[in-house]
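Engineer: when you get a sec, could you give me coordinates for this:
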Amino acid sequence: RMASGRSSSRWTGVGRSASGEPAPGVRLWAMQTTEAERHGLPRPMMLADDFGVRSLTLPEPVTSSAEGKFHFAGLPQAPTHILAMPEDAAPVLSGPVQPSYDGLEIEVGGGGAVRGRVALNNTDEPLADIAVVLKGGTVPERYETVTSEDGGFDFGALRPGTCQLAIIDEHYALAQGILPRVRVRDGETETGIVLRVVAASSIAGHIYDRETQRPLPDVYVSARGEGLSHAVTVTTDRRGAYSITGMGPGEYRLTAVAPSLRFASSAQTGSEAAVSLQPGQMLDGLDFHLTFGAGIQGYVVDEGGSPVAYADVFISGPQGSRLRLEKADDQGYFVSAGLVPGTPVLLQARRLGLVSPEPVSVEVPSYGALGEVTLTVSPGAVIAGHVMRSSGVPAGRAPVYLTTSQPFALRVNEVQSAGEDGAFA
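Structural biologist: Here you go, the predicted model:
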């Protein structure tokens, strides 16, 4: 039971230039790990900091005042990074700041730059009017420019770190298939970068209902290339048709998912395919036949049989791999559709100090059916203690993490700050 981990916190501070002057008009974003979503925040932008740790950008940025001051309030009590995005200087990402924190100082500076050109792979002919995108380590750090007559592009005022380069064009794609990474260094310009391109490839097809053979509109079709950190996603039209253009050569995995999740998604149910593309190849007729899935529904109740509103329901495979996270409604009712029929799953519920004592094992019923289950939650155990330095002095405000190695659905990843006396519970 981690009450303080669910309370809200604040962060205040000031942005300054390298000369120490206040930095007004700077947009600042607060970022926490994905576990903050359990605190009831709406699902915001997901990102991978420096292409590694999964994080989320909390809903809205703030702007520093004329004195350079900024203030965040009402956020989950968890370690937080602050990303400053000035208009005329490089972004700055602070280290994790413990809640609540007053007086954070962020210094914005010149940053680094990246300069290069776009050319045809075989002839080295420069290409003008090609959109080049630079992606930094966070979602807001995305910059776009267009190549000049000599194929050149230039990005300045970048935050030091690793970034990726990509092009957006219907007729050309990167020859190497994967997005090149560039190291940005403060005060330096990375030059000599050549993005070599080839004729772009494309994939097209239709999505059908396996049973009725009718076309399925509004189905998401995503293609993820080998070695790429992102997927390209399109939506089928009213005829169930889709088309993905501007693709580079290489190996891709395609996945078709219906937004309603009524159709089972797995390699066994025809919703995935692997393809290999050559430069300029137009692969047509790659169709998917989706199978109508099954589902599980039920209620989350306490020991007295009363509904537990807005509980989290974790659904995982027998070996503990997370399949779904559903949210019960105000009557404790939950439903998870589009599961593969006949597969065993484990269910466990959790809500504000209440937890299922053990995961409940059920088998997903036949196609189109809804199995019913009741998950009973009770007060969880309490772990209390102190955080002490090696000298025996309490480590006030030290972050305390709680995880579990149990191989089932509920994987607790809570964090709270110890009190001034080092106590936590």
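
Engineer: CA atoms for contacts and neighbours, from now on please.
Structural biologist: Will do.

Engineer: please name every helix or strand in contact with the longest strand seen in the chain.
Structural biologist: Secondary structure assigned by DSSP state E gives strand 189-199 as the longest strand of the chain. Secondary-structure packing of strand 189-199 (3 or more C-alpha pairs under 8 Å, 6 or more residues apart in numbering; DSSP states H and E): strand 112-120, strand 172-174, strand 181-184.

Engineer: in the protein, where is pLDDT below threshold?
Structural biologist: 1-8, 33-59, 139, 177, 227-230, 259-270, 292-293, 367-371, 402-415 (pLDDT under 70).

Engineer: again, 50 this time
Structural biologist: 1-7, 35-54, 261, 264-269, 406-413 (pLDDT under 50).

Engineer: helices along that one, start to end?
Structural biologist: Using DSSP state H, the helices of the chain run over 3-6.

Engineer: what's the angle between the longest strand of the chain and strand 112-120?
Structural biologist: Here strand 189-199 runs at an angle of 30 degrees relative to strand 112-120 (axes from the mean of the first three to the mean of the last three C-alpha atoms, to 10 degrees).

Engineer: what residues are up against the closest residue to Glu87 other than its chain neighbours?
Structural biologist: Take Glu87 and drop its neighbours on the chain: the residue closest to it by C-alpha to C-alpha, 6 or more residues apart in numbering is Val26, 7.0 Å away. Listed by C-alpha atoms under 8 Å, 6 or more residues apart in numbering, the contact partners of Val26 are Gly15, Thr63, Ser64, Gly68, Ala84, Met85, Pro86, Glu87.

Engineer: so of the helices and strands packed on strand 189-199, which one's packed in deepest?
Structural biologist: A comparison of the helices and strands packed on strand 189-199 by mean neighbour count, using mean count of other C-alpha atoms under 10 Å, puts strand 172-174 on top with a mean of 26.

Engineer: in its sheet, what does that one sit against?
Structural biologist: Here strand 172-174 has these sheet partners by DSSP bridges: strand 189-199 (antiparallel).

Engineer: burial check on Val393, number of neighbours?
Structural biologist: 11 (other C-alpha atoms under 10 Å).

Engineer: how about Trp11?
Structural biologist: Neighbours of Trp11 (other C-alpha under 10 Å): 21.

Engineer: pretty sure it contacts Glu105?
Structural biologist: No: between Trp11 and Glu105 there is no contact under C-alpha atoms under 8 Å: 11.0 Å.

Engineer: go ahead and confirm Pro111 touches Thr189.
Structural biologist: Wrong residue type there; residue 111 is Gly, not Pro. No: contact status for Gly111 versus Thr189: not in contact, 9.4 Å apart, counting by C-alpha under 8 Å.

Engineer: joint contacts of these two?
Structural biologist: With C-alpha under 8 Å, 6+ apart as the test, Gly111 and Thr189 reach no residue in common.

Engineer: follow-up on the earlier one: which parts of the longest strand of the chain are buried?
Structural biologist: Buried residues in strand 189-199, defined by neighbour count with 16 or more other C-alpha atoms under 10 Å: Thr189, Glu190, Ile193, Val194, Leu195, Arg196, Val197, Val198, Ala199.

Engineer: do stretch 196-216 as well
Structural biologist: Here stretch 196-216 shows 196-203, 205-209, 215-216 as buried, counting by 16+ other C-alpha under 10 Å.

Engineer: stretch 119-136 too?
Structural biologist: Ala119, Leu120, Asn121, Pro126, Leu127, Ala128, Ile130, Val132, Val133, Leu134, Lys135, Gly136.

Engineer: and that stretch, C-alpha only, in PDB?
Structural biologist: Taking Å, rounded to 0.1, in the frame of the first residue of the first chain, the C-alpha atoms of stretch 119-136 are listed here in PDB:
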ATOM      1  CA  ALA A 119      22.200  11.700 -52.700                       C
ATOM      2  CA  LEU A 120      21.300   8.800 -54.900                       C
ATOM      3  CA  ASN A 121      23.000   5.600 -53.800                       C
ATOM      4  CA  ASN A 122      24.600   4.500 -57.100                       C
ATOM      5  CA  THR A 123      25.400   7.900 -58.800                       C
ATOM      6  CA  ASP A 124      25.900  10.200 -55.900                       C
ATOM      7  CA  GLU A 125      23.600  12.700 -57.600                       C
ATOM      8  CA  PRO A 126      22.300  15.200 -55.100                       C
ATOM      9  CA  LEU A 127      18.600  15.400 -54.500                       C
ATOM     10  CA  ALA A 128      16.700  18.700 -53.800                       C
ATOM     11  CA  ASP A 129      13.400  19.100 -52.000                       C
ATOM     12  CA  ILE A 130      13.700  16.000 -49.900                       C
ATOM     13  CA  ALA A 131      12.200  16.200 -46.400                       C
ATOM     14  CA  VAL A 132      14.800  15.300 -43.800                       C
ATOM     15  CA  VAL A 133      13.700  14.600 -40.200                       C
ATOM     16  CA  LEU A 134      15.900  14.600 -37.200                       C
ATOM     17  CA  LYS A 135      14.500  12.800 -34.100                       C
ATOM     18  CA  GLY A 136      16.100  13.400 -30.700                       C
END
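
Engineer: adjust the sequence numbering to begin at 877 for everything that follows.
Structural biologist: I'll keep to 877 as the first residue from here, and by that count the last item is stretch 995-1012.

Engineer: what's next to it, contact-wise?
Structural biologist: Residues contacting stretch 995-1012 (C-alpha under 8 Å, 6+ apart): 926, 993-994, 1017-1029, 1031, 1035, 1037-1045, 1051, 1070-1074.

Engineer: can you rerun that using 6 Å?
Structural biologist: 994, 1018-1027, 1039-1044, 1072-1074 (C-alpha atoms under 6 Å, 6 or more residues apart in numbering).

Engineer: now it: how far from the chain's centre is it?
Structural biologist: Offset of stretch 995-1012 from its chain centre (C-alpha atoms, centre = their mean, to the nearest Å): 28 Å.

Engineer: one more: stretch 1039-1053?
Structural biologist: That offset, for stretch 1039-1053, works out to 22 Å (C-alpha atoms, centre = their mean).

Engineer: for that stretch, buried residues please.
Structural biologist: 1039-1045, 1047-1051, 1053.
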